[in-house]
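Visitor: what's the 3D shape of this:
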Amino acid sequence: MAFQHDLTLSCAHLTWPELFQILTRIQSNDLTYKQVDTLSCNERCWMINLNPVVVCKHAILQENTLMRKHSSLNSCLNSLMLNQLVK
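Guide: Numbers count the residues shown, from 1 in each chain. Sure thing, here's the model as predicted:
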């Protein structure tokens, strides 16, 4: 039986500083993390709306990373639980 994972990270877009560093590099402007922190919500939304493909690709990469970490954590936890059951 396969389980489908539906994960929505869209509200997190506004909080990913590396996303805004990528988006500003596209416009030939590099921002530090401090400078990204000073961007207003309107500025962040404007940047996201201008670059939907980049934002989507970044979200997919973030989700894949999260799922890999989740899978490896589950593997570790399952091993620990099995070891406890065998004792």
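
Visitor: Would you map the helices across this protein?
Guide: Remark: helices assigned in the chain by DSSP state H are 17-26, 33-37, 41-50, 52-86.

Visitor: Flag whichever of those has the least confidence on average.
Guide: Of all these, mean pLDDT reaches its minimum on helix 52-86 (a mean of 72).

Visitor: Nearest spatial neighbour of Phe20, chain-adjacent residues omitted?
Guide: Val36 (4.6 Å; Cβ to Cβ, 6 or more residues apart in numbering). Backbone N, C-alpha and C define where each C-beta goes, glycine included.

Visitor: and that neighbour, how many residues sit next to it?
Guide: 18 (other Cβ atoms under 10 Å).

Visitor: Same check on Trp46?
Guide: Other residues near Trp46 come to 13 when the count uses other Cβ under 10 Å.

Visitor: That one and Ser40, how far apart?
Guide: Distance of Trp46 to Ser40, given as Cβ to Cβ, to the nearest Å: 9 Å.

Visitor: Leu19 now?
Guide: Taken as Cβ to Cβ, the span from Leu19 to Ser40 is 15 Å.

Visitor: Show me which of the two is the more surrounded one.
Guide: Leu19 (22 against 8).

Visitor: which residues does the more buried one contact?
Guide: 13, 55, 58 (Cβ atoms under 8 Å, 6 or more residues apart in numbering).

Visitor: if I read this right, His58 contacts Trp16, doesn't it?
Guide: Yes - counting by Cβ atoms under 8 Å, His58 does reach Trp16; the two are 7.2 Å apart.

Visitor: check contacts around Ile22.
Guide: 54, 58.

Visitor: Let me know the distance separating it from Ser71.
Guide: On the measure of Cβ to Cβ, Ile22 and Ser71 end up 26 Å apart.

Visitor: if I look at the residue nearest to Phe20, how far off is Glu18?
Guide: 9 Å.
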